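**Student:** What shape does this take:
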Amino acid sequence: MAGTQQSRDSIRPGRRIARIQHENGRRLTATLAYDTRSQALPRGVRNANVAERRLLFLADQYEIMLKVSTDLATGLLKLGGQLLADGLPVEHGAVDLVGPLHCIRENLDDDGGFRMVALPPSRYHLDIEVGFDVIEVDDVDLRHGWVAAIDDRHDDRLRA
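**Tutor:** As a prediction, this is how the structure comes out:
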């Protein structure tokens, strides 16, 4: 995901960036297909990466994969993602992350990836522009319980 540049737009918090939709374009709503927070691990299986949450959203031929982690020192979130179309990375497009405090626009890299850092735990909306399509991912709840932020260096129960 190298080469991406995070920018904070000067729009009002909670407002989506206005778009002119092309007459051949579609506005798609993505639905949650998988969330590690709601999936229990099978008995006897330990999660090696407990400080991450992974989500998968689907919209028509698109897959939006998100990985959320925390900076244990600050408590702020790091959000990484990838957009696939028919199983292949989408190179050209942009992602708008809209939250209560700001809106961030990030261009997709050559692998369809994007990365945003220093986000406060909150509810967010993602709008992804690709070609003439706009994919909406509504109500991504990253408030409480978003990850099990455990620093296992200080937890005796996790030592072998």
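
**Student:** Which elements pack onto whichever strand or helix holds residue 139?
**Tutor:** Assignment of secondary structure by DSSP states H and E places residue 139 within strand 133-142. Judged by 3 or more Cβ pairs under 8 Å, 6 or more residues apart in numbering; DSSP states H and E, the packing partners of strand 133-142 are strand 27-29, strand 52-59, strand 62-70, strand 77-85, strand 122-130. For every residue, glycine as well, the C-beta is placed using N, CA and C.

**Student:** Mean neighbour count, mean pLDDT and distance to residue 96 added to the ones you listed, as TSV?
**Tutor:** Formatted as TSV, these follow (neighbours: other Cβ atoms under 10 Å; pLDDT from 0 to 100; distance: least, Cβ to Cβ, whole Å):
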stretch	mean neighbour count	mean pLDDT	distance to residue 96
strand 27-29	14	95	14
strand 52-59	19	94	15
strand 62-70	19	95	13
strand 77-85	19	96	12
strand 122-130	19	95	4
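
**Student:** now the ones you listed as a markdown table including distance to residue 95?
**Tutor:** Putting those into a markdown table (distance: least, Cβ to Cβ, whole Å) gives the following:
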| stretch | distance to residue 95 |
| --- | --- |
| strand 27-29 | 14 |
| strand 52-59 | 12 |
| strand 62-70 | 9 |
| strand 77-85 | 7 |
| strand 122-130 | 5 |
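
**Student:** Nearest to residue 100 among these would be which one?
**Tutor:** Of all the helices and strands packed on strand 133-142, strand 122-130 sits nearest to residue 100, with 5.5 Å by Cβ to Cβ.

**Student:** got the angle between the closest one and strand 77-85?
**Tutor:** Orientation check (axes from the mean of the first three to the mean of the last three Cα atoms, to 10 degrees): strand 122-130 against strand 77-85 gives 30 degrees.
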